[in-house]
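Colleague: Below: sequence and its predicted model.
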Amino acid sequence: KQSRWFIWTILLGFHFLQYLVGTYLAFKIRFSSTDLQEGKWISVAVLSQAQLLAFSIPVILAIEPKQTGLEYLTKSALLTLINLSLVLFLFVPKLARIKYDSVVHLLR
């Protein structure tokens, strides 16, 4: 059980470090042109992930330790939602813009 907490601490520390680096990079490019800037979407993704994490901690702590299957399912669903929200918030606006630009180009 002690090694499990050690691994979770390392993973959460690494995840927090990624948040700090991403926030720093978004802050650094805040004055670049809006065509290239993703700071708004990065902040929305970080906020969404923080909300999911804040919601999931009580749910994970409420699961009894004997219910390993339910704990695994909950943690897997949480990781899937966090990563899916990141992908959707970062790539859907890009794909929508590409599609919009191609439609506008065809109409000219």
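Modeller: Perfect, thanks for sending it.

Colleague: and the one helix or strand Pro58 maps to, which residues are buried?
Modeller: Counting by DSSP states H and E, the element that carries Pro58 is helix 39-62. Within helix 39-62, the residues that qualify as buried are Gly39, Trp41, Ile42, Ala45, Val46, Ser48, Gln49, Ser56, counting by 16 or more other Cβ atoms under 10 Å. Glycine gets a C-beta too; all of them are placed from N, C-alpha and C.

Colleague: pLDDT and distance to Lys75 added to those residues, as JSON lines?
Modeller: Compiled in JSON lines, the buried residues of helix 39-62 are given as follows (pLDDT from 0 to 100; distance: Cβ to Cβ, whole Å):
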{"residue": "Gly39", "pLDDT": "70", "distance to Lys75": "30"}
{"residue": "Trp41", "pLDDT": "75", "distance to Lys75": "26"}
{"residue": "Ile42", "pLDDT": "76", "distance to Lys75": "24"}
{"residue": "Ala45", "pLDDT": "80", "distance to Lys75": "20"}
{"residue": "Val46", "pLDDT": "80", "distance to Lys75": "20"}
{"residue": "Ser48", "pLDDT": "83", "distance to Lys75": "18"}
{"residue": "Gln49", "pLDDT": "81", "distance to Lys75": "15"}
{"residue": "Ser56", "pLDDT": "85", "distance to Lys75": "8"}
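
Colleague: quick one: which of these is nearest Phe27?
Modeller: Gly39 (7.5 Å; Cβ to Cβ).

Colleague: who touches the closest one in this structure?
Modeller: Residues in contact with Gly39, defined by Cβ atoms under 8 Å, 6 or more residues apart in numbering, are Ala26, Phe27, Ile29, Arg30.

Colleague: okay if I get those as CSV plus neighbour count?
Modeller: Putting those into CSV (neighbours: other Cβ atoms under 10 Å) gives the following:
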residue, neighbour count
Ala26, 18
Phe27, 11
Ile29, 14
Arg30, 10
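
Colleague: So which of those sit within helices?
Modeller: Judged by DSSP state H, these include Ala26, Phe27 as members of helices.

Colleague: Was I right to think Ile60 contacts Glu71?
Modeller: Yes: Ile60 lies in contact with Glu71 (Cβ atoms under 8 Å); the separation is 7.1 Å.

Colleague: Thanks a lot, catch you later.
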